[in-house]
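Student: Got a predicted structure here, sequence first:
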Amino acid sequence: MLRVLGIVVSLACAAVVLVLTWPQLLRLERTYPFAQTVAFRGIAVGVCAALCLVLLLVAIIRPVRPLALALAAVVGIAAVGGVAVLMTRGVGTDALPAKGAKSIRVLTWNTAGAATSAQTIAQTAVAMDADIVTLPETTIETGEKVALAMRAMNHRMWAYHTQYGEHGWDASSTTLLISPRLGDYAVVASSVNGSTGTSTVPSVVAMPVNGMGPVVVAAHAVAPRAEYVARWQSDLRWLADQCASADVIMAGDFNATIDHMSGLGVKDATLGRCTDAASRTGNGAVGTWPTSLPALLGSPIDHVMTTTTWRPSGSVVLRSLDGSGSDHRPLVVQLEPASGG
């Protein structure tokens, strides 16, 4: 009887661990609360590894040894599997390749509004030689200060933005900076009902005026709190739709890891026709939020994504700015024309 009970408990534990660490199996990755648990894969690995060690110690007690060893095997396999996923996506690279004449560097940083100064943003963007800067939770007033500070450092940028409602909540604004060398851009009008924009916090869609060059999207999806899960799901679908054309660069705070985007990509793409650049360049498992956690325990919810017109050649998550005010880390990606032209 005890042996049967042990088998049942072990199988139940295995099922729970599997659903919590790989909810995609049952299409639960965008469902509360599984969306929250899979967001922190690094922590899940640590918890499973710690439980495995504890259960191995408990196995010293003979009466519970079979059950303890069975449960240790379950969480141990989950830990090993989690490490394999993290390693495949990349646990950190610290350098970008030399920038070529046709390279584009994209910096995305959720600045948490006034928590990050315009001067800090400008200095970071110039140091990274960024051509596109997406700044969720940044007002156009701050964005213009950033552009002016960058111009003073001989790095000109044009500032664009989208805002929902009146100022007073920094998350109601998203700012986008684009280098003049990429050409002139115009912002597509957004609406708060989600038909032409993300549902609760705004995203900026900028189109090249002459039709030449990439569509640039500064993305910001609402966080998947219990009361906003449906809106968050809608936001991810809307962002996937923005990656329908051939030449798109999309960057920002998606409030989602690539686990959450399962099933939203076309063929092998991550979201729509866009593919996540960080996971292709060694940083896909490095947490960009929150800065209060070590990077490998955090959640990689900030992304730079492109269609196949662009090839990512390098990326870096800037951990040196954890004390700058924002609870997000900046992500920088270098892109090359896929054709080599």
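Tutor: Thanks, I have it. Numbers count the residues shown, from 1 in each chain.
Student: For Gly81, grab phi and psi.
Tutor: The main-chain torsion angles of Gly81 are listed as degrees, to the nearest 10 and equal phi -60, psi -40.
Student: Begin at 27 from now on, thanks
Tutor: Got it, first residue is 27 now, which makes that one Gly107.
Student: Quick check: it vs Ala75, distance?
Tutor: Look at Gly107 and Ala75: by CB to CB, to the nearest Å, they are 12 Å apart. Every C-beta, even on glycine, is put in place using the N, C-alpha and C of the backbone.
Student: now swap in Ser198 and tell me
Tutor: For Ser198, the distance to Ala75 under the criterion CB to CB works out to 41 Å.
Student: who has more neighbours, these two?
Tutor: Using other CB atoms under 10 Å, the more surrounded residue of Ser198 and Ala75 is Ser198, with 20 against 17.
Student: Name the secondary structure element that contains Thr224.
Tutor: Using DSSP states H and E, Thr224 falls within no helix or strand.
Student: Hmm, it is touching Ala244, no?
Tutor: No - assessed by CB atoms under 8 Å, Thr224 is found out of contact with Ala244, at 10.4 Å.
Student: got any ranges where the chain has weak pLDDT?
Tutor: Scanning the chain with the threshold set as pLDDT under 70 gives 27-28, 192-194, 216-221, 366-367.
Student: One more pass at 50, please.
Tutor: In the prediction, the chain carries no residues with pLDDT under 50.
Student: dump the residue contacts of Thr332.
Tutor: Thr332 is in contact with 240, 274-276, 300-301, 303, 338, 361, counting by CB atoms under 8 Å, 6 or more residues apart in numbering.
Student: So which of those residues belong to strands?
Tutor: Helix and strand membership here follows DSSP state E; of those, those in strands are 274-276, 301, 338, 361.
Student: Can you convert these into TSV and add a column each for neighbour count and distance to Ser129?
Tutor: Below are the ones in strands among the contacts of Thr332 laid out as TSV (neighbours: other CB atoms under 10 Å; distance: CB to CB, whole Å):
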residue	neighbour count	distance to Ser129
Val274	22	17
Ile275	29	13
Met276	28	18
Thr301	23	18
Pro338	22	11
Leu361	24	7
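Student: ok, those residues vs Pro250, which is closest?
Tutor: Compare each of those with Pro250 using CB to CB and the shortest gap goes to Met276, at 18.8 Å.
Student: Pull the contacting residues for the closest one.
Tutor: Taking CB under 8 Å, 6+ apart, we find Met276 in contact with 242-243, 245, 265, 268-269, 297, 300, 329-332.
Student: any idea whether the nearest residue to it once chain neighbours are set aside is helix, strand or coil?
Tutor: The shortest distance from Met276 to any residue other than its chain neighbours is 3.9 Å, reached at Val243 (CB to CB, 6 or more residues apart in numbering). Using DSSP: H, G, I helix; E, B strand; the rest coil, the three-state assignment for Val243 comes out as strand.
Student: contact partners of stretch 68-78?
Tutor: By CB under 8 Å, 6+ apart, the list of residues contacting stretch 68-78 reads 43, 46-47, 63-64, 97-98, 101-102, 104-105, 108-109, 112, 311, 313, 322-324.
Student: What about the residues you listed, which are in helices?
Tutor: Filtering these for membership in helices, criterion DSSP state H, returns 43, 46-47, 63-64, 97-98, 101-102, 104-105, 108-109, 112.
Student: Just the buried residues of these.
Tutor: If you count burial by 16 or more other CB atoms under 10 Å, the buried members of those come out as 43, 46-47, 63-64, 97-98, 101-102, 104-105, 108-109, 112.
Student: Using a markdown table, please lay out those residues together with distance to Arg207.
Tutor: Output for those, formatted as a markdown table (distance: CB to CB, whole Å):
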| residue | distance to Arg207 |
| --- | --- |
| Val43 | 50 |
| Leu46 | 47 |
| Thr47 | 44 |
| Thr63 | 43 |
| Val64 | 39 |
| Leu97 | 58 |
| Ala98 | 57 |
| Val101 | 52 |
| Gly102 | 52 |
| Ala104 | 48 |
| Ala105 | 47 |
| Gly108 | 42 |
| Val109 | 42 |
| Leu112 | 37 |
